[in-house]
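1. What follows is a predicted structure for the sequence shown.
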Amino acid sequence: MSVAILGAGAFGTALACALGDVTLWCRDPAQAEALQSKRENAAKLPGVPLPEGVSITSDLGQVSAETVLLAIPMQQTRPFLKTHGAALRDRQLVACSKGVDLELMIGPVGVIQSVLPDAQAALLTGPSFADDIARGLPTALTLACADRALGMALQEQLSTSHLRLYRNDDVIGAELGGALKNVIAIAAGVTIGAGLGESARAALMARGYAEMQRLALSLGAQPDTLAGLSGLGDLILTCGSEKSRNFRYGAALGRGEAFDSATTVEGAATARAVAKLAKSQGLDMPVTRMVAALVEGLITMPEALAALLARPLTDE
């Protein structure tokens, strides 16, 4: 079966580099022309050449692959599918974004199914940086799919010698793990940016992981999923590296600095969505609530710290 990747950002381009013989679709014709002529995504992955087998187009009508990877930011996924859904019917759609839709309060696979109810949908998620994948460094990801046969087929199709996929049928758990860890990564960045130290970051990661489990289990996720690649694995990666956009964004918040508005930070929107979702579920998620308030400018960093430290003492 043939493969196409929709979205030529860092992650979409990285997957094209890893998989090789694919079609890479760009929304912007000028970007497609630049990628074709330079054979490199200089803005996102400088120094990493595109394999010869990668064909590039900005015409969705030329994308005929049976398997389509949606490397599109979470908040843009639903509008994209509403506009182009007719061209994607009868395809195997694999979401590659992480987050919660601000309006529908569901993850990327849920969004696919809400717009295209008959679509065969799966999720590719887990601890990964685009640069690592593009350069062929060993990476393990979760492929979440409720249909076992489809999941096995996609696992075989999308795995390479350096990109190892682990199959999981707990789509909700994988969606939430990938979404919620971005919120905690922002909080981890805040602690470092504000100069609160490594001990504070470790404590925040542990308490943040407890929040991730609390919400995920309340929505039907399996506990083991959150302890795997798409939950704990991704949390460790994004909370400890400057390569993480969410971590860098949090660090800027902690320092009181502006952040590049052109950089997609999925965790910022996810924090707002999850804070509302937690409230509707009657769940206490103080770290998430703090991040949402910081993102929306409702509190200052000192106020957020004071609120967390003033919480009642309790059992772990």
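-> That came in fine, so what should we check first?
2. Can you pull out the low-pLDDT segments for the chain?
-> Within the chain, the stretches with pLDDT under 70 are 1, 313.
3. Domain parsing of it, as residue ranges.
-> The chain breaks down into these domains under the TED database: 3-169, 180-310.
4. sec struct for the residue most central in space within the chain, please.
-> To find the centre residue of the chain, average its C-alpha atoms and take the closest one (Cα atoms, centre = their mean): that gives residue 98, at 2.6 Å. The assignment at residue 98 comes out as coil when based on DSSP: H, G, I helix; E, B strand; the rest coil.
5. check which helix or strand covers the residue lying closest to it once chain neighbours are set aside.
-> Of all residues not flanking residue 98 in the chain, residue 178 sits nearest, at 3.7 Å (Cβ to Cβ, 6 or more residues apart in numbering). C-betas here are computed from N, CA, C, even on glycine. Per DSSP states H and E, residue 178 falls inside helix 171-193.
6. Would you mind listing the buried residues in that helix?
-> Across helix 171-193, burial judged by 16 or more other Cβ atoms under 10 Å covers 171-193.
7. export it as CSV, just CAs?
-> Listed in CSV are the C-alpha atoms of helix 171-193, where the atom choice follows Å, rounded to 0.1, in the frame of the first residue of the first chain:
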residue,chain,number,x,y,z
VAL,A,171,-7.1,4.9,21.4
ILE,A,172,-8.5,7.1,24.2
GLY,A,173,-5.5,6.5,26.5
ALA,A,174,-3.0,7.1,23.7
GLU,A,175,-4.8,10.3,22.7
LEU,A,176,-4.9,11.6,26.2
GLY,A,177,-1.3,10.7,27.0
GLY,A,178,0.0,12.6,24.0
ALA,A,179,-2.2,15.6,24.8
LEU,A,180,-1.8,15.9,28.5
LYS,A,181,2.0,15.5,28.6
ASN,A,182,2.2,18.7,26.5
VAL,A,183,0.4,20.6,29.3
ILE,A,184,2.8,19.2,31.9
ALA,A,185,5.8,20.0,29.7
ILE,A,186,4.7,23.7,29.7
ALA,A,187,4.6,23.6,33.5
ALA,A,188,8.0,22.0,33.6
GLY,A,189,9.4,24.7,31.4
VAL,A,190,7.8,27.3,33.7
THR,A,191,9.7,25.9,36.7
ILE,A,192,13.0,26.0,35.0
GLY,A,193,12.4,29.4,33.3
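8. for it, the distance to its chain's centre please.
-> Taking the mean C-alpha point of helix 171-193 and that of its whole chain, the gap between them comes to 9 Å (Cα atoms, centre = their mean, to the nearest Å).
9. continuing past that helix, what's the next helix or strand?
-> The first helix or strand that comes after helix 171-193 along the chain, using DSSP H and E, is helix 198-218.
10. Tabulate the CA atom coordinates of that following helix in CSV.
-> These are the backbone C-alpha positions of helix 198-218, laid out as CSV (Å, rounded to 0.1, in the frame of the first residue of the first chain):
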residue,chain,number,x,y,z
GLU,A,198,15.4,20.6,39.1
SER,A,199,13.8,19.3,42.3
ALA,A,200,10.7,21.4,41.6
ARG,A,201,10.6,20.1,38.0
ALA,A,202,10.7,16.5,39.2
ALA,A,203,8.0,17.1,41.7
LEU,A,204,5.8,18.8,39.1
MET,A,205,6.3,16.0,36.6
ALA,A,206,5.2,13.4,39.2
ARG,A,207,2.2,15.4,40.3
GLY,A,208,1.4,16.2,36.6
TYR,A,209,1.6,12.5,35.8
ALA,A,210,-1.0,11.8,38.5
GLU,A,211,-3.3,14.4,36.9
MET,A,212,-2.8,12.7,33.5
GLN,A,213,-3.9,9.4,35.0
ARG,A,214,-6.8,10.9,36.9
LEU,A,215,-8.4,12.4,33.8
ALA,A,216,-7.5,9.5,31.4
LEU,A,217,-8.9,6.8,33.7
SER,A,218,-12.1,8.8,34.3
